[in-house]
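Undergrad: Pasting a predicted model and its sequence here:
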Amino acid sequence: MAGEGLSGGGESGAVTLAVGFDGSGAATSAARSDHDHMGQSWVGENPLILEAPAQFSTTTGGVLVVKNTNNDGAGVLVSESGGYGVWVRSAADIGLVIDSAGRHGIFAFGADAGAELHGQTAGLVVGGSPTTEAGVVPDIVLSGNSCFPCGAEDDDGFIRSDPSLGSSDILLVSNDDVVLQLDSNGGEGGVFQLQNEVGTTVFQVSENGDVHVNGNIVHSSDRAVKTSLGGVDAREVLDGLASLEISRWSFLADETGTPHVGPMAQDFNAAFGLGADERYISATDADGVTMAAIKGLYELVLEQQARIEALEAEVAADRGQ
């Protein structure tokens with residue numbers, strides 16, 4: 001039998017539970033003490049249908065209310081060997097509302113993915129988080145294996161919005177590396193782009209390592225952030241630059257073979273001992289070496305000019321005798 005408050009039933013028919021939230025109808029609560037359906041199975045195209053006869057308050061009632069006081073148990077356990085464990089279809093704006101007083105409104109775990117979201121407009125839209133006693137909470141938190149918030153001891157990171165930062169909508173936090181892999185399938189060339197509000201690309205990294213900037217690259221050179229200041233022998237830098245081999249070459253990763261001119265990083269490091277890695281030349285060091293060499297060349301020009309003037313004075317004196 002379907003039981004009081006239930007219609008239909010049997011081994012192949014659907015079961016409909018009509019719930020009256022205003023105190024009328026066949027049942028006033030989805031969980032009644034006057035009948036028990038524990039362990040009962042209903043089968044059919046729609047094995048169990050819950051219907052509410054009228055609009056009800058989302059804060060005091062619901063078509064289905066599941067309460068569990070056991071911290072180790074589950075309010076609803078869905079065991080599914082194939083297809084969909086839970087399918088929610090709604091003609092209204094919202095198909096599923098979860099209001100949780102605990103730590104997680106939804107905790108999803110899967111062998112392949114914890115959650116897979118698809119939508120005709122967007123797979124996931126997150127926004128409008130309420131203000132709590134602790135302040136405005138983040139709209140989105142995407143974290144790794146460690147619990148949020150990540151501490152210094154956690155080997156993980158997370159992406160979140162940070163309402164405490166007025167100029168930050170999305171904040172990426174990592175305790176270690178952040179890796180962005182372009183064109184992992186080996187198809188057409190991939191790029192990483194940053195665009196402004198009108199769609200102009202202001203920063204782009206290509207998979208071959210080229211970096212394009214639609215603007216200036218500004219390096220910090222504030223005296224307040226520097227230490228171990230010392231003098232530079234400009235003439236020595238000039239001599240080192242003069243002895244540095246300058247070649248014409250192309251990058252191996254550049255399939256177009258774009259030509260470049262410059263020294264090898266190992267030679268640059270050996271000549272000047274600058275930088276943290278002998279495979280790279282810092283733009284700051286290259287600029288500094290160029291400036292020092294120009295200064296050394298200027299000193300050389302001044303010395304030669306002084307010698308020329310001295311010689312001219314001697315010639316003039318000889319002619320005057």
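TA: Now that the structure is in, tell me what you want to look at.

Undergrad: how about the strands in the stretch 151-300 of the chain?
TA: Ranges of strands within the stretch 151-300 of the chain are 157-160, 171-174, 191-195, 201-206, 211-213, 247-249, 260-262, based on DSSP state E, counting those that start in this stretch.

Undergrad: winner for burial among those?
TA: Greatest average neighbour count among the strands of the stretch 151-300 of the chain goes to strand 157-160 (a mean of 17), per mean count of other Cβ atoms under 10 Å. In this view, the C-beta of every residue, glycine as well, is placed from N, C-alpha and C.

Undergrad: Let me see the mean pLDDT of it.
TA: Here the mean pLDDT over strand 157-160 is 67, rounded to a whole number.

Undergrad: Same check on stretch 264-281?
TA: 95.

Undergrad: cool, stretch 230-249 as well?
TA: Stretch 230-249 shows an average pLDDT of 96 in the prediction.

Undergrad: can you pull the buried residues of it?
TA: Judged by neighbour count (16 or more other Cβ atoms under 10 Å), stretch 230-249 contains these buried residues: 234-235, 237-238, 240-241, 244.

Undergrad: Gly186: which of those is nearest?
TA: Distances from Gly186 to the buried residues of stretch 230-249, taken as Cβ to Cβ, are shortest for Leu244 (37.7 Å).

Undergrad: Distance check, the closest one against Val289.
TA: When distances are taken as Cβ to Cβ, to the nearest Å, Leu244 and Val289 turn out to be 9 Å apart.

Undergrad: Overlap in contacts, those two.
TA: Overlap between the contact sets of Leu244 and Val289, as judged by Cβ atoms under 8 Å, 6 or more residues apart in numbering, is given by Phe268.

Undergrad: thinking again about what came up before, dump the strands of the stretch 151-300 of the chain to TSV, plus distance to Asp277.
TA: TSV is the format used below for the strands of the stretch 151-300 of the chain (distance: least, Cβ to Cβ, whole Å):
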stretch	distance to Asp277
strand 157-160	25
strand 171-174	21
strand 191-195	22
strand 201-206	19
strand 211-213	17
strand 247-249	19
strand 260-262	16
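
Undergrad: Mark which of the buried residues of stretch 230-249 are part of helices, please.
TA: Judged by DSSP state H, the buried residues of stretch 230-249 include 234-235, 237-238, 240-241 as members of helices.

Undergrad: To Gln304, which of the strands of the stretch 151-300 of the chain lies closest?
TA: strand 260-262 (28.2 Å).

Undergrad: quick one: buried residues of the longest helix along the chain?
TA: The longest helix of the chain (DSSP H) is helix 283-320. Taking 16+ other Cβ under 10 Å as the basis for neighbour counts, the residues of helix 283-320 that come out buried are 285-286, 288-289, 292-293, 296-297.

Undergrad: So, low pLDDT: which residues of this structure?
TA: For the chain, the stretches with pLDDT under 70 are 1-86, 88-105, 109-111, 113-114, 122-158, 160-169, 321.

Undergrad: ok, how many other residues are close to Ser282?
TA: By the other Cβ atoms under 10 Å criterion, the neighbourhood of Ser282 contains 15 residues.

Undergrad: surely it meets Phe272?
TA: No - counting by Cβ atoms under 8 Å, Phe272 is not a contact partner of Ser282; they are 10.7 Å apart.

Undergrad: now the longest helix of the chain and helix 234-243, what's the angle there?
TA: In terms of direction (axes from the mean of the first three to the mean of the last three Cα atoms, to 10 degrees), helix 283-320 departs from helix 234-243 by 110 degrees.
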